[in-house]
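S.K.: Any chance you can model this:
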Amino acid sequence: MIVDVALYQNGRRIDGATDISDLVDIARKEGGFVWLGLAEPTQGEFDMVVGELNFHPLAVEDAINAKQRPKIEDYEGLTFFVLKTVFFDKEEQEISTGELMCFISDNFIVIVRHGEGHPLTTVRHDLEQKPEMLKLGPYAVLHAVADRIIDGYTTIANALEFEVVGVENRVFSGKRQTFSQEIYFLKREIIEFKHAIEPLILPIGKLITGEVVSVPEALKPFFRDTSDHLLQACEQATGLDSLITSVLQADLAHIQLQQNIDVRRISAWVALASGPTMIAGIYGMNFHHMPELSTKYGYFIVLGVMLSLTAFLVRTFRKSGWL
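M.R.: This next block holds a predicted model:
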């Protein structure tokens, strides 16, 4: 589906022709560039765009197949840039991703969205309020889109951090339950988040260092700022991955500690019962020649020994923390 298409000259949107080839011809002859947005395009729609703009076959193959890592490819007269859009469902604690594929030339930028993606209508509207940026050409659009997506990364990293801190507090709350399953699934989502954003560091770096010669010098400071935000999100994700691993280990250690406490308490109760049981067993063997049986106070002495032994064991176990 074609979301929007427009010609921009001197930082202003020019209304009029809507045919893509006519708009590109005007941009080439009179200056300016065309900004075309496609969302989940059909094969026919994409073939039409390819026919009008003569994309490189390898870029076309990547755009059709989708499922690409963030990357940048520089073909003759065309730059192909891929970045991931990321969403986090707090209720389900689930990360989902989409893709934005950008085809950039001197006179046009085509953005193809696959899967879930940030609505770029707000990006277009915001950028149209900054004609001084639009004057810098298609890479100004690429910066605006990448900056909005990467700001979303930071928001998601903060949301994931909130979830990690929450499960960490529950692990150390002293409750006799395990959170291993919740921690495992949260760690899996953090890893997916890392895999979506970390490969973008290299493509953004190429825009800054001059490897893509068509990037205007005036835009490089803006791309450096965007790169700083990306690095911050990546560092935060790496820290969360390490923290959730430690939380998982702490949860397992907590379970083992509780099991050890239970075993010690059971052992203590067994020991408390074993002394009286042993004494009762000895005097219950019904031998005829047991001198204590004829003692006047033998019964009370045996009971006293049992109670004394039990009291001694209780005191000892409580002192050692077993009871």
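S.K.: strand partners of the strand or helix carrying residue 7, parallel vs antiparallel please.
M.R.: Taking DSSP states H and E as the criterion, residue 7 maps to strand 2-9. Paired strands of strand 2-9, with direction, are strand 12-14 (antiparallel), strand 33-39 (antiparallel) (DSSP bridges).
S.K.: buried residues in it?
M.R.: Across strand 2-9, burial judged by 16 or more other Cβ atoms under 10 Å covers 3, 5-8. Where you see a C-beta, it was placed from the backbone N, CA and C, and this is true even at glycine.
S.K.: Next: stretch 8-26.
M.R.: For stretch 8-26, the neighbour count (16+ other Cβ under 10 Å) marks 8, 11, 14, 20, 23-24, 26 as buried.
S.K.: next helix or strand past the helix or strand containing residue 246?
M.R.: Using DSSP H and E, residue 246 sits in helix 220-283. Where DSSP H and E defines the elements, the next helix or strand beyond helix 220-283 is helix 298-320.
S.K.: Run through who's touching that next one.
M.R.: Here helix 298-320 makes contact (Cβ atoms under 8 Å, 6 or more residues apart in numbering) with 268, 271-272, 275-276, 279-280, 283, 292, 295, 323.
S.K.: Correct me if wrong: residue 144 contacts residue 126.
M.R.: Yes - look at residue 144 against residue 126 with Cβ atoms under 8 Å: they come within range, at 7.2 Å.
S.K.: show me what contacts the nearest residue to residue 156 once chain neighbours are set aside?
M.R.: In space, and not counting its chain neighbours, residue 156 is closest to residue 88: 4.6 Å by Cβ to Cβ, 6 or more residues apart in numbering. By Cβ under 8 Å, 6+ apart, the residues touching residue 88 are 94-95, 156, 159-160, 189, 193.
S.K.: Just the mean pLDDT for the helix or strand where residue 88 lies, thanks.
M.R.: In this structure, residue 88 sits in strand 78-89 according to DSSP H and E. The average pLDDT for strand 78-89 rounds to 90.
S.K.: Return the list of strands paired to it, each annotated with direction.
M.R.: Sheet pairing for strand 78-89, using DSSP bridges, gives strand 71-75 (antiparallel), strand 94-104 (antiparallel).
S.K.: residues of the last one that come out buried?
M.R.: The neighbour-count criterion (16+ other Cβ under 10 Å) identifies 95, 97-104 as the buried residues of strand 94-104.
S.K.: ok, those residues vs residue 150, which is closest?
M.R.: residue 100 (11.6 Å; Cβ to Cβ).
S.K.: Cool, thanks, talk later.
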